[in-house]
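Engineer: Next come a sequence and a model predicted from it.
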Amino acid sequence: MRLVEHFIGGQKFSGTSSRRGDIFDPNSGEIQAQVSLASAEDIAHAVTVAKSALASWATTNPQKRARVMFEFKRLIEDNMDELAHILSSEHGKVIADSKGDVQRGIDVVEFACGIPHLQKGAYTEGAGPGIDVYSMRQPLGVVAGITPFNFPAMIPCWMAAIAIACGNTFILKPSEKDPSVPMRLAELLMEAGAPAGVLNCVNGDKTAVDAILEHPDIKAVSFVGSSDIAQHVYVKGAAHGKRIQAMGGAKNHGIIMPDCNMEQAVKDIVGAAYGSAGERCMALPVAVTVGQKTGDEFAERMLDAAQNLTVGVSTDPQAHYGPVVSAAHKAKIENYIQMGVDEGAELKLDGRGHSLQGYEQGFFVGPTLFDHVKPDMRSYQDEIFGPVLQIVRADTLEEAALLPSNHQYGNGVAIFTSNGRAAREFASQVNVGMVGVNVPIPVPVSYHSFGGWKRSAFGDTNQHGTDGVRFWTKIKTVTQRWPDGDVGDQAFIIPTMS
Ligand code: NAD
C-alpha cells in the first residue's frame, strides 16, 4: 500500500515512528494509502534541518526570494490538474472545487511575489537634530503551520508562501486525512528554487502538534482547524513563548431581507450551504429570514433547489458536491441531524442514509434542510460542517442581526438586500470578522486578510494580506546619529526630539 512519509531537507524522510494513519478514498470508503505519524524526534529533526537552512535563506535578497515565488506560482499552475485530482481523491470535493482550492493558494503565492515591497521598512530623515530613524521587518526564524483537512492547498499556501517569502524557514504539519497535496507543494517549491530545508512537510497528529508547540527553536505557529484545538494551540504555544495565530470553527449566517433578489439569494445560498458538502469554514449553514412571507418563500424555493442537487463521486463533472471526508465525520453530521429532529426543528429534507449506486460504502450525505430552527437548540449553536442548512425565522433585521452577533463563532456573515443603507449599517455593527453584502461566501482576496472573531480565531493577526507579513516578521527600529564633535551634557539625555 502507498505510504506518505515526510519531506525534510528536500527529500523524502521515513521518520522514527512506526505509527501510521489511514488515508481513505471518501468515494469508495476504502483505505487508499497510509501516512506516517511523526514522533517528537521527527519534529526535532525537521527543526534542525530548517535551522541549518535559515541563515542563508534569511539573507537571500528579497528579489531572489520573490523570484522563487514567481516560479512556484508557475509550477502550481502547470500542475493544476494533477493537484486537483489528488486533492479530490483524498478529500472528496469535486474537481471544480479542488481547482478553486488550488487557485486560492496560487493567489496567495502571487501576493507573496510582492515581498520586496511588502517587507520594506520605513525611514524618517531628521527625526531630531542629525537623527534618522529607520525600521525593518526581519524574519522570525524557524516557524510552523498546522493545517486542517478541508483546504489542503489553499491553507498551506496562506501560511508557508508568506512566511517563506519573508525569509523564514518552515515546518508544515498538514492534516493527516489528506496530506498528499501539501507534500506535492513542498516538492514544487524546491523545484522552484527554494533551497533544501526551507519548506519541510512533517505528517502527523496530536503528537506532532504538541512537539511543535513545545520545541524551543520554533518561533511562531499558525494554526487553522476546529476551535477547541485552536484554543489548545493558542494557550500551549503562548505558554512556550511563541507567537501564535489560531483560526477555529464557524457557523456563518445569511440574513435574507424581504427586499432581496430572492432568486439570486437562493441560488447563492444553495452553493454556499451545500457546496463542498458544507465542509468550508466560510460555508453558509444558517439562513435567517426576516418576516413570515420572506421565510415561507425562501423555505419553499430552497427546498426545491436542495432537492435538485446532484451528489456524486468527486470526479463526476455533473455532481454539485461529493462525499464528506470520513466515515466518522459522516456519522457526526447524521447525529446532528437527529439532534435537530429531537430538539423540535422541522426537517424538510433528510440527507441521512444517502447511498450512491456502486459506491455504497462511500461517505455521502444528502442535502438536508431544517426550518423553524431556534437559537437555543444545540444543533444551531454547534458547527456541523456538513451539507445541512438551518432556517431561523426572525421578524425584524434587528432581531436577525443579533443571531450572528451573539453566536459563539464569528467567522463570516452575509446579508441579502437591495437596501444599501441597511446593508451598510449591518456591516458596520455586526459582531463578525468577515461580511458579505449580497456575497454568500465573503472570503477576502489574498491582498486583504482572512480572519474571524470570537471563537473563530485566537490571536490578533489575520491570515495573508499585510497582516500575514506582520505575523511572520518582527520589527526592528534603529535610531541613529553621527555626531561630529563634543556632545557635552546631551550625551546622557533620553532623546525626546522636542
Ligand atoms: P481539526 O481541528 O480536527 O484538525 C486541524 C489540525 O489539528 C490537523 O492538522 C490535525 O492533525 C490537528 N489536530 C487534530 N486533533 C488534535 C489534537 N487533539 N491536538 C492537537 N492537534 C490536533 O480540524 P479539521 O477537521 O481538520 O478541519 C475542520 C475544522 O477547521 C472546522 O472546524 C473548520 O471550521 C475549521 N476551519 C477553519 C478555518 C478558518 O480559517 N477559521 C478554515 C478552514 C477550516
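Structural biologist: Noted; the coordinates are in hand. Residues are numbered from 1 along each chain as shown.

Engineer: and residue 262, what does it touch?
Structural biologist: Shown in contact with residue 262 (C-beta atoms under 8 Å, 6 or more residues apart in numbering): 256, 294, 297-298, 301. Every residue, glycine included, has its C-beta placed from N, CA and C.

Engineer: looking at those residues, which has the most residues close by?
Structural biologist: residue 256 (27 neighbours; other C-beta atoms under 10 Å).

Engineer: so that one touches residue 265, yeah?
Structural biologist: Yes: Residue 256 lies in contact with residue 265 (C-beta atoms under 8 Å); the separation is 5.8 Å.

Engineer: hey, what's in contact with both of the two?
Structural biologist: Common neighbours of residue 256 and residue 265, counting by C-beta under 8 Å, 6+ apart, are 298, 416.

Engineer: For residue 461, pull up the helix or strand it's in.
Structural biologist: Assigned by DSSP states H and E, residue 461 belongs to no helix or strand.

Engineer: Could you pull up the contacting residues of residue 14?
Structural biologist: Per C-beta under 8 Å, 6+ apart, neighbours of residue 14: 5-6, 36.

Engineer: Name the nearest of those residues relative to the ligand.
Structural biologist: residue 36 (13.1 Å; C-beta to the nearest ligand atom).

Engineer: Model confidence score at that closest one, please.
Structural biologist: Per-residue pLDDT puts residue 36 at 98.

Engineer: Identify the bridge partners of it.
Structural biologist: residue 20 (DSSP bridges).

Engineer: What is the neighbour count of it?
Structural biologist: 24.

Engineer: Tell me how far it lies from residue 171.
Structural biologist: 15 Å (C-beta to C-beta, to the nearest Å).

Engineer: what do you get for residue 91?
Structural biologist: From residue 91 to residue 171 the distance is 22 Å (C-beta to C-beta).

Engineer: Neighbour count: these two, which is higher?
Structural biologist: Each of residue 91 and residue 171 has its neighbours counted (other C-beta under 10 Å); residue 91 has more, 31 against 25.

Engineer: Can you get me a residue count around the nearest residue to the more buried one once chain neighbours are set aside?
Structural biologist: The spatially closest residue to residue 91, leaving aside those adjacent along the chain, is residue 178, at 4.9 Å (C-beta to C-beta, 6 or more residues apart in numbering). Around residue 178 there are 29 other residues, counting by other C-beta under 10 Å.

Engineer: Residue 178 is in contact with residue 93, isn't it?
Structural biologist: No: contact criterion C-beta under 8 Å: residue 178 and residue 93 do not qualify, at 9.8 Å.

Engineer: Pull up the overlap in contacts between the two.
Structural biologist: residue 87.

Engineer: Quick check: end-to-end length of stretch 28-40?
Structural biologist: End-to-end distance for stretch 28-40, by C-alpha to C-alpha, to the nearest Å: 33 Å.

Engineer: Going by neighbour count, list what's buried in it.
Structural biologist: Across stretch 28-40, burial judged by 16 or more other C-beta atoms under 10 Å covers 28-29, 32-40.

Engineer: swap in stretch 391-401?
Structural biologist: Buried residues in stretch 391-401 (16+ other C-beta under 10 Å): 391-394, 397, 400-401.

Engineer: Intersect these with the contacts of the ligand.
Structural biologist: Here nothing survives when the buried residues of stretch 391-401 are matched to the ligand using C-beta under 6 Å from any ligand atom.

Engineer: If we only consider the residues you listed, which is nearest to the ligand?
Structural biologist: Set against the ligand, the nearest of the buried residues of stretch 391-401 by C-beta to the nearest ligand atom is residue 392 (19.5 Å).

Engineer: Skip the chain neighbours and tell me the closest residue to the one residue in the chain that gets nearest to the ligand.
Structural biologist: The minimum distance from the chain to the ligand, using C-beta to the nearest ligand atom, falls at residue 225 (2.6 Å). Leaving aside its chain neighbours, residue 225 sits nearest to residue 148 (4.4 Å; criterion: C-beta to C-beta, 6+ apart).

Engineer: give me every residue that touches residue 188.
Structural biologist: Contact analysis of residue 188 by C-beta under 8 Å, 6+ apart lists 72, 75-76, 79.

Engineer: ok so, going back, could you verify my assumption that the residue nearest to residue 225 touches residue 176?
Structural biologist: No: the pair residue 148 / residue 176 is not scored as a contact, 10.7 Å apart, by C-beta under 8 Å.

Engineer: give me the element the most centrally placed residue in the chain is part of.
Structural biologist: When C-alpha atoms, centre = their mean is applied to the chain, the residue found nearest the centroid is residue 155 (4.8 Å). According to DSSP H and E, residue 155 maps onto helix 154-165.

Engineer: Figure out how far that helix is from the centre of its chain.
Structural biologist: 11 Å (C-alpha atoms, centre = their mean, to the nearest Å).

Engineer: list the helices and strands it packs on?
Structural biologist: helix 62-78, helix 95-112, strand 142-146, strand 169-173, helix 180-191, strand 218-224, helix 465-471 (3 or more C-beta pairs under 8 Å, 6 or more residues apart in numbering; DSSP states H and E).

Engineer: Pop the domain breakdown of this structure in here.
Structural biologist: Segmentation of the chain into domains, based on automatic domain parsing, reads 2-248+456-478, 253-437.

Engineer: could you dump these to TSV with distance to residue 449?
Structural biologist: Compiled in TSV, these are given as follows (distance: least, C-beta to C-beta, whole Å):
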stretch	distance to residue 449
domain 2-248+456-478	3
domain 253-437	10
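
Engineer: Could you pull out the helices in the stretch 151-300 of the chain for me?
Structural biologist: With DSSP state H, counting those that start in this stretch as the criterion, the stretch 151-300 of the chain has helices at 154-165, 180-191, 206-214, 227-239, 262-274, 292-307.

Engineer: so what strands line up beside whichever helix or strand residue 474 is part of?
Structural biologist: Counting by DSSP H and E, the element that carries residue 474 is strand 473-481. Partners of strand 473-481 in the sheet, by DSSP bridges, are strand 131-139 (antiparallel).

Engineer: and the strand it pairs with, which residues are buried?
Structural biologist: Buried residues in strand 131-139 (16+ other C-beta under 10 Å): 131, 133, 137, 139.

Engineer: So among the residues you listed, where is pLDDT lowest?
Structural biologist: Scanning these for pLDDT, the low point is residue 131. It has 92.

Engineer: The closest residue to that residue other than its chain neighbours: neighbour count?
Structural biologist: The shortest distance from residue 131 to any non-neighbouring residue, by C-beta to C-beta, 6+ apart, is to residue 481 (4.6 Å). As a burial measure, residue 481 scores 14 neighbours (other C-beta under 10 Å).

Engineer: My guess is residue 481 contacts residue 130. True?
Structural biologist: Yes: here residue 481 reaches residue 130: they are 4.7 Å apart, a contact under C-beta under 8 Å.

Engineer: re the thing from before, report the angle between the axes of the helix holding residue 155 and helix 180-191?
Structural biologist: Interaxial angle of helix 154-165 relative to helix 180-191 (axes from the mean of the first three to the mean of the last three C-alpha atoms, to 10 degrees): 30 degrees.

Engineer: State the mean pLDDT of helix 154-165.
Structural biologist: On average, helix 154-165 scores 98.

Engineer: Equivalent analysis for stretch 228-239, please.
Structural biologist: 98.

Engineer: now it: how far from the chain's centre is it?
Structural biologist: For stretch 228-239, the distance to the chain centre is 17 Å (C-alpha atoms, centre = their mean).

Engineer: Likewise for stretch 442-454?
Structural biologist: Stretch 442-454 sits 9 Å away from the centroid of its parent chain (C-alpha atoms, centre = their mean).

Engineer: near the ligand at all, it?
Structural biologist: Yes: with C-beta under 6 Å from any ligand atom as the measure, stretch 442-454 is seen reaching the ligand through residue 452.
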